[in-house]
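J.: Sequence first, then the predicted structure, then my questions.
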Amino acid sequence: MKDILKLIRSRRSVREFEADEVTGSMVDDLLEAARWAPSGLNNQPWKFIVVKDASTIKEISCHTKYKHVIAGAPLLIAVYLDKDKMYNYMKDVQAIGACIQNMLLVAHDKGLGAVWIGEILNRAGEVDEILGAGRMLELMAVVAIGHPAPGKRTSSREPISKVTFLENINTPYK
């Protein structure tokens, strides 16, 4: 348990990458982790589009205010909700979140950096067109992945006492 908590606590969003390629076996490990996320009724409502081509990455980068992040990544994984597999929209979106978190944790464990780009959803139609996603797929995020550029990345969290309650919202947990 300590190793898992250490991994979770040390993971950071990485927005700057080295130019080095992410190997095929690493990509396979990321996808393996993602597909093993929990989903309601085990419906596995996700589809992934792996993007390695520099010109496609550049084209996608033009559709977000985080252009520099996307354009600087050697690997993108577009994560889609497969509406043909849906049974409950909210539960399926939550499952997608779990699959992305699995991917982020495995990336970190392998020494890669990654960031979940949600803002790109504002231009999902353009991204769908670039990637050939049909109308039964709904873009949930693009994950930018690569070997992290040097830099200090910090983060903090609210204390448990501020976000947790016992029995009802009026009783502090501790």
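T.: That came through fine. Numbers count the residues shown, from 1 in each chain.

J.: Would you mark the buried spots in the biggest helix by length in the chain?
T.: Using DSSP state H, we find that the single longest helix of the chain is helix 89-109. Within helix 89-109, the residues scored as buried using 16 or more other C-beta atoms under 10 Å are 92, 95-96, 99-108. Backbone N, C-alpha and C define where each C-beta goes, glycine included.

J.: May I have whichever helix or strand comes after that helix as CSV, with CA atoms only?
T.: The first helix or strand that comes after helix 89-109 along the chain, using DSSP states H and E, is strand 113-117. Output of strand 113-117 as CSV, limited to C-alpha atoms (Å, rounded to 0.1, in the frame of the first residue of the first chain):
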residue,chain,number,x,y,z
GLY,A,113,5.4,12.4,-17.9
ALA,A,114,1.8,12.9,-18.8
VAL,A,115,-1.0,15.4,-18.6
TRP,A,116,-4.8,15.0,-19.0
ILE,A,117,-6.0,17.8,-21.4
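
J.: quick one: strand 113-117 to helix 89-109, angle?
T.: 160 degrees (axes from the mean of the first three to the mean of the last three C-alpha atoms, to 10 degrees).

J.: From the contact counts, what lies against the helix or strand just after strand 113-117?
T.: Sequence-wise, the next helix or strand downstream of strand 113-117 (DSSP H and E) is helix 124-131. Where contact means 3 or more C-beta pairs under 8 Å, 6 or more residues apart in numbering; DSSP states H and E, helix 124-131 is packed against helix 54-61, strand 137-146.

J.: looking at the ones you listed, which is buried most?
T.: strand 137-146 (a mean of 24; mean count of other C-beta atoms under 10 Å).

J.: Within the sheet, what are the partner strands of that strand, with directions?
T.: Using DSSP bridges, the strands paired with strand 137-146 are strand 75-82 (antiparallel), strand 113-117 (antiparallel).

J.: Of those, give the one that comes closest to residue 23.
T.: strand 75-82 (9.9 Å; C-beta to C-beta).

J.: what's the closest one in contact with?
T.: 21-22, 27, 30-31, 34, 45-52, 57, 60, 70, 92-93, 96, 99-100, 103, 127, 131, 133, 136-146 (C-beta atoms under 8 Å, 6 or more residues apart in numbering).

J.: what angle do it and helix 54-61 make?
T.: Using the same axes, to 10 degrees: strand 75-82 against helix 54-61 is 60 degrees.

J.: Now do strand 75-82: distance to the chain's middle.
T.: The chain centre lies 8 Å from the centre of strand 75-82; the measure is C-alpha atoms, centre = their mean, to the nearest Å.

J.: Pull out the buried positions in that strand.
T.: 75-82.

J.: Would you format those residues as TSV with pLDDT and distance to residue 16 included?
T.: Shown next, in TSV, are the buried residues of strand 75-82 (pLDDT from 0 to 100; distance: C-beta to C-beta, whole Å):
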residue	pLDDT	distance to residue 16
75	98	14
76	98	15
77	98	18
78	98	20
79	98	21
80	98	26
81	98	29
82	98	32
